[in-house]
Structures are given as C-alpha cells and as structure tokens.
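> next input, structure requested:
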Amino acid sequence: MQCAGKALEELLVSAESQECLTVGVYESAKVMNIDPDCVAFCVLATDEEYEGDIALQIHFTLIQAFCFDNGIDIVRVNDTQRLAEILGNTDESGEPKDVHCILITNPSEDTLDDPALEKLSLFCEECRSFNEWVPAITLPER
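Now for the predicted structure:
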C-alpha cells in the first residue's frame, strides 16, 4: 500500500504540472457532468474531522456511483492535510483548498500517459478482485 501512496503522490504532482487536475467536490462534480470521458482517476479524501459530515458523505456516495458507472478508478485517502501539502495548501485567492475530491483528467488532445497512473490502475484492479471497491491509500510522509 505504501507503493500505491508513492504512486498517488507522483501522479498528483505530474497531473498538476500538466494542468490535468480538478480539485474540490463541486468543481469535480461540474467536470463529471460536463465531460465524464475526460476523467482518468478519482481521489476522495477525508479525515476524522469530516467523518461525521453527512453532506460530504452524500457527495462521496454520488461521486463513487458515478465513477463505478463510468469505469473510473477511485481511491480514498485519510489525510487531507498531507494531500493539501502535496497540492499546495491554498488556492489563488489564499483560501485553503477543498481536497475532499480530486480528479485527474486527460489532456484535451490525448489520454494522460503516466507510469504512476498505470500503477494505480493496476492497484485498483487488484483491490477490486478482493471486493475492495474503493481502496484506502496511505500517502508517504514528507
């Protein structure tokens, strides 16, 4: 699982540098609604502070259903703070980023070709063979 965490970190950094990242629950929902075929991978993130947030859990359920229906690999991360560190803690306006949902999208002209994405796809496929549909990944510490 640590290998998957490292691959996820590499994928996030790579996708962000290629501008193939959508960060935030509402922003992700918009992308999924407008162009679901462009979504290559989905990350849902929460931690103890948000476990009881019913609205967030409903969003997660809907996003998971969408991903399952559209063949999009999806993982769960239980460390929003580490995820925010990887992506930069704030957005352009200086507000903390909503890292509860992150989509890795394909560039408009091609599919995202990233070795880390391949590793994560294989990881998800293997987890599904054990009926673990949304596997949890632990990100490596800094």
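
> show me what counts as buried in stretch 9-20.
For stretch 9-20, the neighbour count (16 or more other CB atoms under 10 Å) marks Glu9, Glu10, Leu11, Leu12, Ser14, Ala15, Glu16, Cys20 as buried. Yep, even glycine has a C-beta here, placed from its N, CA and C like the rest.

> just how off-centre is it within its chain?
11 Å (CA atoms, centre = their mean, to the nearest Å).

> what about Leu139, which SS state?
Of the three states, Leu139 takes coil under DSSP: H, G, I helix; E, B strand; the rest coil.

> what's opposite the residue minimising distance to the centre of the chain in the beta bridge?
The centre of the chain sits closest to Val43, judged by CA atoms, centre = their mean, with a distance of 1.8 Å. Assessed by DSSP bridges, Val43 has beta-bridge partners Val75, Ile102.

> surely it is in contact with Ala7?
No - contact criterion CB atoms under 8 Å: Val43 and Ala7 do not qualify, at 11.8 Å.

> residues touching stretch 66-84, excluding its own?
Residues outside stretch 66-84 that contact it (CB atoms under 8 Å, 6 or more residues apart in numbering) are 4, 8, 12, 32, 36-37, 39-47, 49-50, 63-64, 96-97, 99-100, 102, 120-121, 123-125, 133-139, 141-142.

> report the buried members of the residues you listed.
Buried by 16+ other CB under 10 Å: 4, 8, 12, 32, 39-46, 63-64, 97, 99-100, 102, 120, 123-124, 134-135, 137, 139, out of the contacts of stretch 66-84.

> which of these fall in strands?
Val39, Ala40, Phe41, Cys42, Val43, Leu44, Ala45, Ile102, Ile137 (DSSP state E).

> so can I have TSV of the residues you listed showing pLDDT and distance to Gln81?
Listed next are those as TSV, based on pLDDT from 0 to 100; distance: CB to CB, whole Å:
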residue	pLDDT	distance to Gln81
Val39	94	25
Ala40	93	25
Phe41	96	21
Cys42	97	20
Val43	97	14
Leu44	96	15
Ala45	94	10
Ile102	96	14
Ile137	95	15
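
> got those residues as TSV, with distance to Gly88 columns?
Formatted as TSV, these follow (distance: CB to CB, whole Å):
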residue	distance to Gly88
Val39	22
Ala40	21
Phe41	19
Cys42	20
Val43	15
Leu44	19
Ala45	15
Ile102	13
Ile137	20
